[in-house]
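S.K.: how would this look folded up:
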Amino acid sequence: MERRGLWYLALERFNLGNVAGITEKFDINLEKDPNQPPVPRRVRTSVKRGFLVDITTMRLDEVEDNILNAGFDKNLFKSAQVIAQEEFARKNCIISFRHVQDDEFTIDVCTDPVTNTTVGAVDYIIMKKYLYVNAIAVLQSVQGYGVGGVMLEKLKQICVVREKEMLLLALSDVIPWYEKQGFVVSADYGGGLGLV
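M.R.: Now for the predicted structure:
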């Protein structure tokens with residue numbers, strides 16, 4: 001948020017929740033938590049039909065010599081960005097993982113360990129009350145294999161450890177899928193498209 005140089009003159013106070021478009025009013029629960037989760041390098045897990053994925057977690061921190069920055073794979077990030085842009089373009093939406101580069105969001109990138117193909121990605125940040133998911137995208141050819149569910153399960157585990165709720169904004173066509181994952185629609189955020 002700080003690196004983008006945005007100005008919000010209409011609000012006396014604003015925070016990440018306003019910049020991310022979660023709400024127009026100031027909400028203290030949407031402040032960025034200064035203690036972001038540690039970043040495990042890579043986790044391998046199995047999804048439906050015996051399909052394996054590697055989940056690589058990356059984050060750019062403000063401290064340039066931070067060890068996390070040394071492990072930031074720009075090519076992997078770009079491949080995740082392409083998937084997000086292509087999948088959301090199918091729904092006439094524009095999405096970007098730029099928050100990862102600008103606002104210290106964390107990104108999990110799922111790859112097929114056999115072909116090294118990127119198959120999904122999710123970017124998120126810990127807030128005062130929530131783990132906020134900015135975007136989650138799964139390559140169309142592997143949708144239904146459980147890649148999205150695996151990414152959400154990892155985030156749910158972080159929420160349990162950090163005693164946070166998960167918050168995301170969803171397109172109306174995928175709300176039923178999120179409800180099956182245990183989310184409840186919240187009228188407080190995203191004009192009725194917020195899920196907690």
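S.K.: who's the spatially closest residue to Ile136 that is not a sequence neighbour bridged to?
M.R.: When the adjacent residues along the chain are set aside, Ile136 lies closest to Val122, with 4.1 Å between them (Cβ to Cβ, 6 or more residues apart in numbering). All C-beta spots, glycine's among them, are computed from the backbone N, C-alpha and C. Beta-bridge pairing for Val122 (DSSP bridges): Asp108, Ile136.
S.K.: what sits against Val122?
M.R.: Ile107, Asp108, Val133, Ala135, Ile136, Ala137, Met151, Leu152, Leu155 (Cβ atoms under 8 Å, 6 or more residues apart in numbering).
S.K.: what are the ranges of the helices in the chain?
M.R.: Applying DSSP state H to the chain gives helices spanning 16-19, 67-70, 74-89, 98-102, 147-162, 175-180.
S.K.: next, the buried residues of the last one.
M.R.: Neighbour-count burial for helix 175-180, counted by 16 or more other Cβ atoms under 10 Å, picks out Tyr178.
S.K.: any idea how far that helix is from the chain center?
M.R.: 17 Å (Cα atoms, centre = their mean, to the nearest Å).
S.K.: tell me what that helix is packed against?
M.R.: strand 194-195 (3 or more Cβ pairs under 8 Å, 6 or more residues apart in numbering; DSSP states H and E).
S.K.: in contact with the closest residue to Leu76 other than its chain neighbours, which residues?
M.R.: For Leu76, ignoring the flanking residues on the chain, the nearest one in space by Cβ to Cβ, 6+ apart is Val109 at 5.3 Å. Val109 makes contact with Ile55, Thr56, Thr57, Met58, Leu76, Phe77, Ser79, Ala80, Thr118, Gly120, Ala121, according to Cβ under 8 Å, 6+ apart.
S.K.: ok, the last one touching Ala137?
M.R.: Just to be clear, that refers to Ala121. Yes: the pair Ala121 / Ala137 is scored as a contact, 5.8 Å apart, by Cβ atoms under 8 Å.
S.K.: okay, and the common contacts of the two?
M.R.: Ala80, Ile83, Ala84.
S.K.: can you add distance to Tyr178, pLDDT and neighbour count and give the residues you listed back as JSON lines?
M.R.: Listed next are the shared contacts of Ala121 and Ala137 as JSON lines, based on distance: Cβ to Cβ, whole Å; pLDDT from 0 to 100; neighbours: other Cβ atoms under 10 Å:
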{"residue": "Ala80", "distance to Tyr178": "20", "pLDDT": "90", "neighbour count": "28"}
{"residue": "Ile83", "distance to Tyr178": "19", "pLDDT": "91", "neighbour count": "21"}
{"residue": "Ala84", "distance to Tyr178": "17", "pLDDT": "91", "neighbour count": "25"}
